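Curious how this folds, go ahead:
(one chain, ligands or ions: 1)
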Amino acid sequence: MQDKETQLTFRDFHFEDTLQDGLDSMGFEHPTPIQEQTIPIIQKGKDLIACAQTGTGKTAAFLLPILDKLSKVPSETTNTLIIVPTRELALQIDQALQGFAYFTSVSSLPIYGGGDGQVFEQEKKALVHGANIIIATPGRLMSHLNMGYVKLDDLQHLILDEADRMLDMGFVDDILKIVTFLPEKRQTLLFSATMPPKIRTLATKLLREPEQVSLAVSKPAEGVDQSAYLVYDKQKNALIKHLLKDENLNSVIIFASTKIKVKELERDLQRAHLKAKAIHSDLEQAEREEVLRNFRNRSLRILVATDILSRGIDIEDINLVVNYDVPHDAEDYVHRVGRTARAASTGQAITFINELNQHKFLQIEKLIGYEVKKVPLPEFIGPGPAYEPLVRKKQFNKPDNKNFKRKKKFNKPRKD
Ligand code: AMP
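Prediction:
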């Protein structure tokens, strides 16, 4: 830890007074490591690839230098486009921006779809009128761009936030199309929690001689009590209901791997009279916002979510995170567990590991650098699977699997 005297402060970046006033009023004094490293690069006008997760302060890392430039040279037109994977993230960035830019004259507009034709019309009006910074999800922005009234000729900055998530969600074509509407001469910043090869490929298409900043994958905070159960899928709901009997847990997020599981689990918990709501892409925007709002203000005790919510959304001080399924990426585990025990409070993270995902969980343990304790199942649930993480089990290799049989039949030599 640097001591406070030698640590940088935001004043070292020489931001415009109006922006510094916003930071002061929000109580932001010292930049986080990602801010310390990226803000000078952005101020120099260089393209940037930054590998940083939610919770590192990445939003301010890209917003502050852009807001500073716009405060120094005010603009009447759209200067910056921020593309994000989800509506929630668009709203969250816009809210952070409103705080920082409170004393400046910079205008912003989130464009994130959902709603009815009236909302589309409102977005259209606002787009025609112009806003300095547009924060948009790719699909919705494309719908507006195709109509021809969005003017992006003066755009100077393109920011892609949570780029890995956008590629996972299949937005790559939309992103490449959107870029054809933008001036070639611009500053492009790409933020991503992970850096798989497909992100590098996208970066070579969109960025010019980028500088790179990478923060080491953070380990779950010290205060998180992590544990795991070895459990068959059919035992998971009984186990989760048992765990939720603890009434001290007033804020719980359960992450499941698919929308179908999320919906089923919501129904099952509600049938057991537990205050649970699911959030997934089939909900209307207003419903999603209401669920999140209720969860944030603690009137909703249990949130069941697909992994889209595990990154990007800033909800603090959750008592318990349950991975109903082992997260797909090892980094996702760290993100999810990061929802609990923020700011030195304590929290719990519990993962359900079925017989097929033991190897995957071992990869997570390798990433975080230690073994997570395996807790025996309560007796009434019955025995779970044996712990054999080094044996990679695949469903289609099982002799009793239907697909396996079908494939065999298909391969039979034909009689003719
Ligand atoms: P982010 O990674 O952008 O989602 O930020 C995570 C949280 O950290 C948000 O609640 C921010 O308001 C907060 N934050 C970001 N930068 C700072 C900073 N330099 N000082 C204090 N809080 C910060």
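
pLDDT weak spots in the stretch 101-250 of the chain?
Applying pLDDT under 70 to the stretch 101-250 of the chain flags residues 216-219, 221-222.

now the strands for it?
108-111, 133-136, 157-160, 187-192, 211-214, 224-230 (DSSP state E, counting those that start in this stretch).

Of all the ones you listed, which one is nearest the ligand?
Among the strands of the stretch 101-250 of the chain, the nearest to the ligand by CB to the nearest ligand atom is strand 187-192 (9.5 Å). Just so you know, the C-beta spots here come from the backbone N, C-alpha and C atoms, and that holds for glycine as well.

chain center to that closest one, what's the gap?
16 Å (CA atoms, centre = their mean, to the nearest Å).

and what of stretch 315-326?
Worked out by CA atoms, centre = their mean, stretch 315-326 lies 14 Å from the chain centre.

now swap in stretch 109-116 and tell me
Worked out by CA atoms, centre = their mean, stretch 109-116 lies 18 Å from the chain centre.

Can you give me the first-to-last residue distance of that stretch?
Distance across stretch 109-116, first residue to last, is 18 Å (CA to CA, to the nearest Å).

In terms of helices and strands, where is the nearest residue to residue 225 once chain neighbours are set aside?
Once flanking residues are discounted, residue 225 sits nearest to residue 348: 4.8 Å by CB to CB, 6 or more residues apart in numbering. Using DSSP states H and E, residue 348 sits in strand 347-353.

Kindly report the same for residue 29.
Applying DSSP H and E, one finds residue 29 in no helix or strand.

Next, count neighbours for the nearest residue to it once chain neighbours are set aside.
Once flanking residues are discounted, residue 29 sits nearest to residue 9: 5.8 Å by CB to CB, 6+ apart. Number of residues near residue 9 (other CB atoms under 10 Å) recorded here: 12.

And residue 9, how far from the ligand?
10 Å (CB to the nearest ligand atom, to the nearest Å).

likewise residue 152?
25 Å.

Could you check the pLDDT of the residue nearest to residue 29?
The model reports residue 9 with a pLDDT of 95.

Surely it and residue 28 touch.
No: Residue 9 is beyond contact range of residue 28, at 9.5 Å (criterion: CB atoms under 8 Å).

thinking residue 390 is in contact with residue 359, fair?
Yes: applying CB under 8 Å as the test, residue 390 and residue 359 come out as touching, 7.2 Å apart.

The ligand contacts on the stretch 51-200 of the chain?
54, 55, 56, 57, 58, 59, 60 (CB under 6 Å from any ligand atom).

okay, now the first one: neighbour count?
Think residue 54. Neighbour tally, residue 54, other CB under 10 Å: 21.

that's a strand at it, yeah?
No: with DSSP: H, G, I helix; E, B strand; the rest coil as the criterion, residue 54 is coil rather than part of a strand.

What pLDDT is listed against it?
72.

wait, it sits on residue 193?
Yes: contact criterion CB under 8 Å: residue 54 and residue 193 qualify, at 7.1 Å.

as a whole number, average confidence for the strand holding residue 348?
pLDDT averaged over strand 347-353 gives 94.

elements contacting it?
Applying 3 or more CB pairs under 8 Å, 6 or more residues apart in numbering; DSSP states H and E, we find strand 347-353 packed against strand 224-230, helix 236-243, strand 320-323, helix 330-337.

can you redo those as CSV with distance to residue 95 and mean neighbour count?
Shown next, in CSV, are the helices and strands packed on strand 347-353 (distance: least, CB to CB, whole Å; neighbours: other CB atoms under 10 Å):
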stretch, distance to residue 95, mean neighbour count
strand 224-230, 26, 19
helix 236-243, 32, 18
strand 320-323, 23, 25
helix 330-337, 20, 23
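
Among these, which comes closest to residue 275?
helix 236-243 (12.8 Å; CB to CB).

could you dump that closest one to CSV, C-alpha only?
Only the C-alpha atoms of helix 236-243 are listed here, as CSV (Å, rounded to 0.1, in the frame of the first residue of the first chain):
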residue,chain,number,x,y,z
LYS,A,236,-29.8,-28.2,-5.6
ASN,A,237,-33.3,-26.7,-5.0
ALA,A,238,-33.7,-28.5,-1.6
LEU,A,239,-30.2,-27.3,-0.6
ILE,A,240,-30.8,-23.7,-1.6
LYS,A,241,-34.1,-23.6,0.3
HIS,A,242,-32.3,-25.1,3.3
LEU,A,243,-29.6,-22.4,3.2
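
and it with strand 347-353, angle?
Counting by axes from the mean of the first three to the mean of the last three CA atoms, to 10 degrees, helix 236-243 lies at 160 degrees to strand 347-353.
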